[in-house]
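Novice: How does the following fold in three dimensions:
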Amino acid sequence: MSERDLELTVDGRPLRAQAGQTLGAALVMNGITAWRSTRVGGRPRGLFCGIGVCFDCLVTVDGEPGQRACCVQVADGMRVSTAVDS
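Specialist: Reported below is the predicted structural model:
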């Protein structure tokens, strides 16, 4: 692990990320491209716009629901849940 590497937990699973990355980029870097599904039809969703305009990449970060993964910068020890609380 280099000094730029961070460790975060996603749905109880440890993942590595690099300092300065968004959470969305870290998820994709770790092979996670979809982490929720649509209410109607159950279609997979993950990053879509990548700039915070849409709401396809919502996650819960450190207990705060409704966070856009494309806008949240990773932090060491961050806890992420892909089950978004309403």
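
Novice: what's near enough to touch the closest residue to Ala75 other than its chain neighbours?
Specialist: Take Ala75 and drop its neighbours on the chain: the residue closest to it by C-beta to C-beta, 6 or more residues apart in numbering is Leu6, 6.9 Å away. The C-beta positions use only the backbone N, C-alpha and C, and glycine is treated the same way. With contacts defined as C-beta atoms under 8 Å, 6 or more residues apart in numbering, Leu6 is in contact with 16-19, 74-76, 78.

Novice: Next step: the residues you listed restricted to strands.
Specialist: Counting by DSSP state E, the part of these found in strands is 16-18.

Novice: can you list the weak-confidence ranges in this protein?
Specialist: Low-confidence segments of the chain (pLDDT under 70): 1-3, 84-86.

Novice: Measure how buried Thr60 is and give me the count.
Specialist: Look at Thr60: counted by other C-beta atoms under 10 Å, it has 16 neighbours.

Novice: Tell me which residues of the strand or helix carrying the residue nearest to Ala75 come out buried.
Specialist: Element membership for Leu6 (DSSP states H and E) is strand 5-10. When neighbours are counted by 16 or more other C-beta atoms under 10 Å, the buried residues of strand 5-10 are found to be 6, 8, 10.

Novice: Disregarding residues adjacent in the polypeptide, which is nearest to the last one?
Specialist: Which is Val10. Distances taken as C-beta to C-beta, 6+ apart put Val80 closest to Val10, at 4.5 Å, once the chain neighbours are dropped.

Novice: Top of the ones in strands among the contacts of Leu6 by number of neighbours, please.
Specialist: When neighbours are counted by other C-beta under 10 Å, Ala17 leads these with 24 neighbours.

Novice: now stretch 12-26: how far from the chain's centre is it?
Specialist: Here stretch 12-26 shows a centroid-to-chain-centroid distance of 8 Å under the convention C-alpha atoms, centre = their mean, to the nearest Å.

Novice: With just CA atoms, put that stretch into CSV.
Specialist: Taking C-alpha atoms only, stretch 12-26 is exported to CSV below (Å, rounded to 0.1, in the frame of the first residue of the first chain):
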residue,chain,number,x,y,z
GLY,A,12,-18.8,-4.4,4.7
ARG,A,13,-16.2,-5.2,2.1
PRO,A,14,-12.8,-3.5,2.3
LEU,A,15,-11.7,-1.6,-0.8
ARG,A,16,-8.6,0.4,-1.7
ALA,A,17,-8.8,3.8,-3.2
GLN,A,18,-6.3,6.6,-4.0
ALA,A,19,-6.3,10.0,-2.3
GLY,A,20,-8.1,12.6,-4.5
GLN,A,21,-10.4,10.1,-6.1
THR,A,22,-14.2,10.4,-6.0
LEU,A,23,-16.0,7.5,-4.4
GLY,A,24,-17.5,6.7,-7.8
ALA,A,25,-14.1,6.4,-9.4
ALA,A,26,-12.9,4.2,-6.5
